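Participant: with the sequence up front, the predicted model follows.
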Amino acid sequence: MALDYIAFERIISLIKSKIEKGKIVKISQISNEEFLFIIRKENYNYNLLVSTHPNMSYINLISKKPESNHINTNLLMLLRKHLENGIIEEVNKQNDDRIVLIRITNRDDYRSEERRVG
């Protein structure tokens, strides 16, 4: 089912209200195309599920944490290296497209601040 503009706008505003200014505590890979980000904000953990499937990509907050198959791919290692312990500064959509931009601030090995957009 195609996602219309109004529903997408509502999903983004919900995700924004829940995880903005939260800290990415852990990143795990559920399947070949799905990643789970555990985000801590105000003493509560939020589970952000992101799918990168070519035909059915989605992003959603879920209540139950799914079981992980402990898949360790190069992409997962790269995401952990650059995004874990990062603070989500803002969540926006790009123009009127169905593209989500998440701005994350993190510190590198020398403790200088880096900004990442994904």
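Facilitator: Perfect, thanks for sending it. Numbers count the residues shown, from 1 in each chain.

Participant: what about whichever strand or helix holds Lys16, distance to the chain center?
Facilitator: When elements are assigned from DSSP states H and E, Lys16 belongs to helix 5-19. What separates the centre of helix 5-19 from the centre of its chain is 13 Å, taken as Cα atoms, centre = their mean, to the nearest Å.

Participant: show me what contacts Lys18?
Facilitator: 41, 46, 61 (Cβ atoms under 8 Å, 6 or more residues apart in numbering). In this view, the C-beta of every residue, glycine as well, is placed from N, C-alpha and C.

Participant: before we move on, the earlier item: in the helix holding Lys16, what's buried?
Facilitator: 8, 11-12, 15-16, 18-19 (16 or more other Cβ atoms under 10 Å).

Participant: swap in stretch 42-54?
Facilitator: Residues 46-50 are the ones in stretch 42-54 that count as buried (16+ other Cβ under 10 Å).

Participant: now those residues in CSV, with distance to Val100?
Facilitator: Below are those laid out as CSV (distance: Cβ to Cβ, whole Å):
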residue, distance to Val100
Tyr46, 15
Asn47, 16
Leu48, 10
Leu49, 13
Val50, 9
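
Participant: before we move on, back to that, so can I have a markdown table of the contacts of Lys18 showing pLDDT and distance to Asp97?
Facilitator: Converted to a markdown table, these look like this (pLDDT from 0 to 100; distance: Cβ to Cβ, whole Å):
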| residue | pLDDT | distance to Asp97 |
| --- | --- | --- |
| Lys41 | 92 | 27 |
| Tyr46 | 93 | 24 |
| Leu61 | 90 | 21 |
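
Participant: any idea which of these is closest to Glu34?
Facilitator: Leu61 (13.9 Å; Cβ to Cβ).

Participant: any idea what the closest one is bridged to?
Facilitator: On the basis of DSSP bridges, Leu61 takes part in beta bridges with Leu48.

Participant: no further queries at this time; thank you.
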